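Participant: sequence and computational prediction follow.
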Amino acid sequence: MGQLGIDPRLLLSQAINFALMAFILYRLLHKPLLAALDARAKRVQESMAKAKEADLLLQQMQERYASEIERAHQEAHEIVEQGSRSAEQQRQEILAAARDEAQQIIARAQAQAQRELELGEVALRQEIVDLSIAAASRVIGQELDESKHHRLIQDFLEQVKTA
(Lines give C-alpha, C1' and ligand atoms only; values in the text may rest on other atoms or scores of the structure.)
Protein backbone atom coordinates (compact mmCIF):
# COMPACT_ATOMS: atom_id res chain seq x y z
CA MET A 1 0.00 0.00 0.00
CA GLY A 2 3.01 2.06 0.29
CA GLN A 3 3.14 2.23 -3.47
CA LEU A 4 -0.27 3.90 -3.59
CA GLY A 5 0.70 6.47 -1.05
CA ILE A 6 -1.38 5.06 1.74
CA ASP A 7 0.14 4.66 5.15
CA PRO A 8 -1.49 1.60 6.77
CA ARG A 9 -0.98 2.92 10.29
CA LEU A 10 -2.53 6.24 9.41
CA LEU A 11 -5.36 4.43 7.69
CA LEU A 12 -5.88 2.23 10.73
CA SER A 13 -5.83 5.20 13.09
CA GLN A 14 -8.30 7.08 10.88
CA ALA A 15 -10.54 4.02 10.70
CA ILE A 16 -10.43 3.70 14.51
CA ASN A 17 -11.12 7.44 14.87
CA PHE A 18 -14.00 7.17 12.39
CA ALA A 19 -15.46 4.16 14.21
CA LEU A 20 -15.03 5.90 17.57
CA MET A 21 -16.60 9.08 16.22
CA ALA A 22 -19.49 7.10 14.69
CA PHE A 23 -20.00 5.26 18.00
CA ILE A 24 -19.98 8.53 19.98
CA LEU A 25 -22.30 10.25 17.54
CA TYR A 26 -24.56 7.20 17.52
CA ARG A 27 -24.71 7.20 21.32
CA LEU A 28 -24.95 10.93 21.83
CA LEU A 29 -26.93 12.12 18.83
CA HIS A 30 -28.61 9.26 17.06
CA LYS A 31 -30.58 7.84 20.00
CA PRO A 32 -31.80 11.23 21.30
CA LEU A 33 -32.55 12.36 17.77
CA LEU A 34 -34.52 9.16 17.09
CA ALA A 35 -36.28 9.56 20.43
CA ALA A 36 -37.19 13.16 19.53
CA LEU A 37 -38.38 12.06 16.08
CA ASP A 38 -40.40 9.21 17.61
CA ALA A 39 -41.92 11.61 20.14
CA ARG A 40 -42.78 14.05 17.37
CA ALA A 41 -44.28 11.24 15.26
CA LYS A 42 -46.28 10.14 18.29
CA ARG A 43 -47.56 13.73 18.85
CA VAL A 44 -48.49 13.97 15.17
CA GLN A 45 -50.37 10.66 15.37
CA GLU A 46 -52.12 11.80 18.55
CA SER A 47 -53.02 15.08 16.86
CA MET A 48 -54.35 13.18 13.85
CA ALA A 49 -56.37 10.91 16.16
CA LYS A 50 -57.74 13.95 18.00
CA ALA A 51 -58.56 15.60 14.67
CA LYS A 52 -60.45 12.46 13.59
CA GLU A 53 -62.29 12.44 16.93
CA ALA A 54 -63.09 16.13 16.49
CA ASP A 55 -64.37 15.46 12.97
CA LEU A 56 -66.48 12.58 14.26
CA LEU A 57 -67.79 14.72 17.12
CA LEU A 58 -68.52 17.56 14.68
CA GLN A 59 -70.42 15.17 12.42
CA GLN A 60 -72.41 13.84 15.39
CA MET A 61 -73.19 17.39 16.53
CA GLN A 62 -74.30 18.33 13.03
CA GLU A 63 -76.57 15.27 12.89
CA ARG A 64 -77.94 16.10 16.34
CA TYR A 65 -78.45 19.72 15.26
CA ALA A 66 -80.27 18.59 12.11
CA SER A 67 -82.49 16.22 14.12
CA GLU A 68 -83.24 18.95 16.68
CA ILE A 69 -84.14 21.37 13.89
CA GLU A 70 -86.41 18.75 12.34
CA ARG A 71 -88.02 18.04 15.71
CA ALA A 72 -88.52 21.78 16.29
CA HIS A 73 -90.16 22.09 12.87
CA GLN A 74 -92.45 19.16 13.66
CA GLU A 75 -93.38 20.64 17.04
CA ALA A 76 -94.06 24.02 15.43
CA HIS A 77 -96.24 22.34 12.82
CA GLU A 78 -98.12 20.43 15.53
CA ILE A 79 -98.63 23.64 17.52
CA VAL A 80 -99.99 25.40 14.43
CA GLU A 81 -102.28 22.45 13.68
CA GLN A 82 -103.48 22.35 17.27
CA GLY A 83 -104.13 26.11 17.18
CA SER A 84 -106.10 25.72 13.96
CA ARG A 85 -108.15 22.88 15.42
CA SER A 86 -108.75 24.88 18.60
CA ALA A 87 -109.80 27.95 16.60
CA GLU A 88 -112.16 25.85 14.49
CA GLN A 89 -113.62 24.25 17.60
CA GLN A 90 -114.14 27.67 19.21
CA ARG A 91 -115.75 28.93 16.00
CA GLN A 92 -118.13 25.96 16.01
CA GLU A 93 -118.93 26.54 19.69
CA ILE A 94 -119.58 30.25 19.08
CA LEU A 95 -121.82 29.43 16.11
CA ALA A 96 -123.72 26.84 18.15
CA ALA A 97 -124.15 29.32 21.02
CA ALA A 98 -125.34 31.99 18.57
CA ARG A 99 -127.84 29.55 17.03
CA ASP A 100 -129.11 28.58 20.48
CA GLU A 101 -129.43 32.22 21.49
CA ALA A 102 -131.25 33.03 18.24
CA GLN A 103 -133.64 30.13 18.84
CA GLN A 104 -134.28 31.35 22.38
CA ILE A 105 -134.91 34.90 21.14
CA ILE A 106 -137.31 33.58 18.49
CA ALA A 107 -139.09 31.40 21.06
CA ARG A 108 -139.40 34.33 23.49
CA ALA A 109 -140.67 36.59 20.71
CA GLN A 110 -143.24 33.98 19.63
CA ALA A 111 -144.33 33.49 23.24
CA GLN A 112 -144.60 37.26 23.72
CA ALA A 113 -146.58 37.61 20.48
CA GLN A 114 -148.88 34.77 21.56
CA ARG A 115 -149.45 36.42 24.95
CA GLU A 116 -150.17 39.76 23.31
CA LEU A 117 -152.56 38.08 20.90
CA GLU A 118 -154.35 36.35 23.76
CA LEU A 119 -154.50 39.62 25.73
CA GLY A 120 -155.84 41.35 22.63
CA GLU A 121 -158.52 38.68 22.21
CA VAL A 122 -159.51 39.01 25.87
CA ALA A 123 -159.62 42.80 25.57
CA LEU A 124 -161.60 42.56 22.33
CA ARG A 125 -164.11 40.16 23.90
CA GLN A 126 -164.51 42.48 26.85
CA GLU A 127 -165.02 45.40 24.49
CA ILE A 128 -167.59 43.42 22.50
CA VAL A 129 -169.40 42.47 25.73
CA ASP A 130 -169.45 46.08 26.91
CA LEU A 131 -170.65 47.36 23.53
CA SER A 132 -173.28 44.64 23.29
CA ILE A 133 -174.63 45.50 26.72
CA ALA A 134 -174.71 49.16 25.86
CA ALA A 135 -176.42 48.47 22.52
CA ALA A 136 -178.93 46.12 24.09
CA SER A 137 -179.71 48.66 26.82
CA ARG A 138 -180.44 51.32 24.27
CA VAL A 139 -182.56 49.02 22.16
CA ILE A 140 -184.61 47.82 25.10
CA GLY A 141 -184.54 51.19 26.72
CA GLN A 142 -183.85 49.93 30.13
CA GLU A 143 -180.93 48.67 32.08
CA LEU A 144 -180.74 44.91 31.99
CA ASP A 145 -179.11 42.67 34.52
CA GLU A 146 -175.44 42.76 33.66
CA SER A 147 -174.70 39.19 34.70
CA LYS A 148 -177.40 37.87 32.35
CA HIS A 149 -176.03 39.96 29.53
CA HIS A 150 -172.55 38.70 30.13
CA ARG A 151 -173.76 35.13 30.11
CA LEU A 152 -175.76 35.63 26.88
CA ILE A 153 -172.85 37.35 25.15
CA GLN A 154 -170.37 34.71 26.27
CA ASP A 155 -172.64 32.02 24.89
CA PHE A 156 -172.95 33.95 21.62
CA LEU A 157 -169.17 34.37 21.36
CA GLU A 158 -168.64 30.66 22.01
CA GLN A 159 -171.13 29.82 19.26
CA VAL A 160 -169.36 32.20 16.86
CA LYS A 161 -165.98 30.78 17.79
CA THR A 162 -167.01 27.17 17.11
CA ALA A 163 -168.84 28.03 13.88
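Facilitator: Right, received. Where do you want to start?
Participant: pick out the residue nearest the middle of this protein.
Facilitator: Centrality entry for the chain: nearest residue to the mean C-alpha point is I79, 1.3 Å, by CA atoms, centre = their mean.
Participant: which strand or helix spans it?
Facilitator: helix 31-140 (DSSP states H and E).
Participant: next SSE downstream of that helix?
Facilitator: Downstream of helix 31-140, the first helix or strand assigned by DSSP H and E is helix 146-162.
Participant: what packs against that following helix?
Facilitator: helix 31-140 (3 or more CB pairs under 8 Å, 6 or more residues apart in numbering; DSSP states H and E). Every C-beta, even on glycine, is put in place using the N, C-alpha and C of the backbone.
Participant: next, the angle from the helix it packs on to helix 146-162.
Facilitator: Per axes from the mean of the first three to the mean of the last three CA atoms, to 10 degrees, the angle that helix 31-140 makes with helix 146-162 is 120 degrees.
Participant: so what's I6 scoring on pLDDT?
Facilitator: pLDDT for I6: 79.
Participant: what about it, distance to F18?
Facilitator: Distance, I6 to F18, by CB to CB, to the nearest Å: 15 Å.
Participant: Q59 too?
Facilitator: 56 Å.
Participant: what's the neighbour count on I133?
Facilitator: 18 (other CB atoms under 10 Å).
Participant: hmm, it is touching R151, no?
Facilitator: No. The pair I133 / R151 is not scored as a contact, 11.4 Å apart, by CB atoms under 8 Å.
Participant: what ranges of the protein fall below the confidence cut-off?
Facilitator: 1-2, 137-144, 149, 160, 163 (pLDDT under 70).
Participant: 80 - rerun?
Facilitator: Within the chain, the ranges that satisfy pLDDT under 80 run 1-6, 31, 125, 128-163.
Participant: just to revisit the earlier point, what residues are shared contacts of I133 and R151?
Facilitator: Common neighbours of I133 and R151 are not found (criterion: CB atoms under 8 Å, 6 or more residues apart in numbering).
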